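Novice: sequence unknown, structure follows:
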């Protein structure tokens, strides 16, 4: 019998499926738990919408290492090449001047 262990709490179904695909492409089997609750969001608190990723016990450490790298990248900020403003990692363009991270200064 396979032992499934929770390895990550995704914020939503989109993040869960993205990470599921990334882990599966690395040869790990992944199950999602809690995905069906997203249909009831109007009636449930937002934190209930989290989707749990589960992996087999033998893959837990490898999955955890990958997901820790994902979390570090997710939290990185970048400096605009145009104005030097620091931007959150979620921004693809500078909130201040509209340039991208690699746009050269004039």
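Specialist: Thanks, I have it. Source: prediction; values computed, not measured.

Novice: run through the strands of this structure in chain order.
Specialist: 4-10, 30-33, 51-56, 78-79, 86-87 (DSSP state E).

Novice: helices of the protein, residue ranges please.
Specialist: Counting by DSSP state H, one finds helices in the chain at the ranges 13-24, 60-75.

Novice: ok, which of the strands of the chain comes nearest residue 21?
Specialist: strand 30-33 (8.5 Å; CB to CB). All C-beta spots, glycine's among them, are computed from the backbone N, C-alpha and C.

Novice: and that closest one, what does it pack onto?
Specialist: helix 13-24, strand 51-56 (3 or more CB pairs under 8 Å, 6 or more residues apart in numbering; DSSP states H and E).

Novice: most packed of the ones you listed?
Specialist: Compared across the helices and strands packed on strand 30-33, strand 51-56 shows the largest average neighbour count, a mean of 21 (mean count of other CB atoms under 10 Å).

Novice: hmm, back to that, can you list the strands of the chain in CSV and add mean pLDDT?
Specialist: What follows is the strands of the chain, written out as CSV (pLDDT from 0 to 100):
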stretch, mean pLDDT
strand 4-10, 96
strand 30-33, 96
strand 51-56, 96
strand 78-79, 82
strand 86-87, 84
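
Novice: just name the most buried of the ones you listed.
Specialist: Comparing the strands of the chain by mean neighbour count (mean count of other CB under 10 Å), strand 51-56 comes out on top with a mean of 21.

Novice: sheet-wise, list the partners of it with their directions.
Specialist: When pairs are called by DSSP bridges, strand 51-56 turns out to pair with strand 4-10 (antiparallel), strand 30-33 (antiparallel).

Novice: between the longest one and helix 60-75, how many degrees?
Specialist: What that stands for is strand 4-10. 0 degrees (axes from the mean of the first three to the mean of the last three CA atoms, to 10 degrees).

Novice: and the residue nearest the centre of the chain, how far from residue 71?
Specialist: Geometric centre of the chain, nearest residue: residue 15, 5.1 Å, by CA atoms, centre = their mean. Residue 15 sits 11 Å away from residue 71, going by CB to CB, to the nearest Å.
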